[in-house]
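Chemist: Below is the sequence, then the predicted model.
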Amino acid sequence: MKRTLIIMVKEPRPGRVKTRLGRDIGVLPATWWFRHQSARLIRSLRDPRWQIVLAVAPDLAVRSKVWPADLPRWPQGQGDLGARMKRMLQSATGPVCLIGADIPGITRNHISRAFSALGNHDAVFGPAADGGYWLAGAKHPSRLPQDMFEDVRWSSEHALADTLNTLPGWRIALTDTLQDVDTATDLPRR
């Protein structure tokens, strides 16, 4: 079965993306950073081993010209982050990994290792240094539990542990730890 890599993106509009980063560096620079980070990430993760799908918010932005025209786009729909992530994961028919667009360090090798982990695990997560995670994946997305991602304390050091608690009895792999960008201190230093 074809592997699917879902990248969750928001249309880069001032005040709608990277709001915590915007408080640190300004709304326009934060929007500019996210727009260019998303474009770099999409370019760098293209690979014949998987299909990239963009999970877009808001839903009407599926028609936006911001992203490459050749990539399929799925509207994220309504609900909290967990509901939208689960919906996107369950929209895939085979092994699937889902990531955000705000992790500058992701490479094709990271994605390849995550898909490889699904060979003998039911799910895979890429931990973030802050206690959250940058990747969630499932070998059989149609079998995800009804309550997956419920009662997760998002944007906290408990997000990964809370999510793992919604998967009792699942064989779970943890892959590389990476850093996402929430505030100015998270920005890569060049």
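Modeler: Received, thanks. Since this is a predicted model, take the numbers as computed values, not measurements.

Chemist: For this protein, which segments count as strands?
Modeler: Counting by DSSP state E, the chain has strands at residues 3-10, 50-57, 73-75, 96-100, 123-127, 133-138, 172-174.

Chemist: Just put the ones you listed in a markdown table and tack on mean pLDDT and mean neighbour count.
Modeler: No exception for glycine: its C-beta is placed from N, CA and C like everyone else's. Shown next, in a markdown table, are the strands of the chain (pLDDT from 0 to 100; neighbours: other Cβ atoms under 10 Å):
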| stretch | mean pLDDT | mean neighbour count |
| --- | --- | --- |
| strand 3-10 | 97 | 22 |
| strand 50-57 | 97 | 20 |
| strand 73-75 | 97 | 17 |
| strand 96-100 | 97 | 25 |
| strand 123-127 | 98 | 23 |
| strand 133-138 | 97 | 25 |
| strand 172-174 | 98 | 17 |
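
Chemist: Nearest to H36 among those strands would be which one?
Modeler: Between H36 and those, the shortest gap by Cβ to Cβ is with strand 3-10, which sits at 12.5 Å.

Chemist: Quick check: neighbours of that closest one in the sheet, parallel or antiparallel?
Modeler: Partner strands and pairing direction for strand 3-10 (DSSP bridges) are strand 50-57 (parallel), strand 96-100 (parallel).

Chemist: can you list those strands in TSV and add distance to A117?
Modeler: TSV is the format used below for the strands paired with strand 3-10 (distance: least, Cβ to Cβ, whole Å):
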stretch	distance to A117
strand 50-57	14
strand 96-100	10
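
Chemist: Since that was my last question, I'll sign off now.
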